[in-house]
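Student: Can you look at this prediction? I've put the sequence above it.
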Amino acid sequence: MPDMEIKQPACAKCSARGARSAGADRHKRKERIGVVVTDAMNKTIVVRVGRRVRHPMYGKEIRLYNKFYAHDEKNAAKCGNHVRIVETRPLSRLKRWRLVEVLPGGAGMSAAAEPKPE
């Protein structure tokens, strides 16, 4: 098998020639959209992100949720808001996400707490 190619690791010379470098995908960070569950902490929000998955055996579609602690520098997000968060470096023991924007259309308060118009 003398005609096999040996692949070399990506380096600065390879990227200068137009080859794909190892760090090309480095700045692509995960983004999630979810609902703020709590904003009681200072500069921190808890965001619930849902996804739908088919059960492997029964085929029923089920909802699974994950909670993410996100950094909110300006305390802009309130409970019930829909927000976009992005992955970042570890900021504390639990925070690995950062608030990007508060999306329009999310409720500021829960529906039960809002006064009903007459």
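Tutor: On my side now, so go ahead.
Student: Can you measure across stretch 53-70, start residue to end residue?
Tutor: 24 Å (C-alpha to C-alpha, to the nearest Å).
Student: Could you identify the helix or strand that succeeds the helix or strand of the chain with the lowest mean pLDDT?
Tutor: The helix or strand of the chain with the poorest confidence is helix 12-16; it has a mean of 51 (mean pLDDT, DSSP states H and E). On the C-terminal side of helix 12-16, the closest following helix or strand by DSSP states H and E is strand 31-38.
Student: List the neighbouring strands of the next helix or strand after that next one plus their orientation.
Tutor: For strand 31-38, the following helix or strand on the C-terminal side (DSSP H and E) is strand 44-54. Taking DSSP bridges as the criterion, strand 44-54 forms sheet pairs with strand 31-38 (antiparallel), strand 61-71 (antiparallel).
Student: hey, which of those is tucked in deepest?
Tutor: strand 31-38 (a mean of 17; mean count of other C-beta atoms under 10 Å). For glycine as for every other residue, the C-beta is placed from the backbone atoms N, C-alpha and C.
Student: got the CA positions of that strand in CSV?
Tutor: Presented in CSV, the C-alpha positions along strand 31-38 are these (Å, rounded to 0.1, in the frame of the first residue of the first chain):
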residue,chain,number,x,y,z
GLU,A,31,-27.6,28.9,20.5
ARG,A,32,-30.9,28.1,22.3
ILE,A,33,-34.3,29.8,22.5
GLY,A,34,-36.2,29.3,25.7
VAL,A,35,-38.4,30.8,28.4
VAL,A,36,-37.1,32.5,31.5
VAL,A,37,-38.2,30.4,34.6
THR,A,38,-36.7,32.6,37.3
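Student: And the contacts of it?
Tutor: Applying C-beta atoms under 8 Å, 6 or more residues apart in numbering, the external contacts of strand 31-38 come out as 45-50, 67-68, 77-87, 97, 100, 103, 106.
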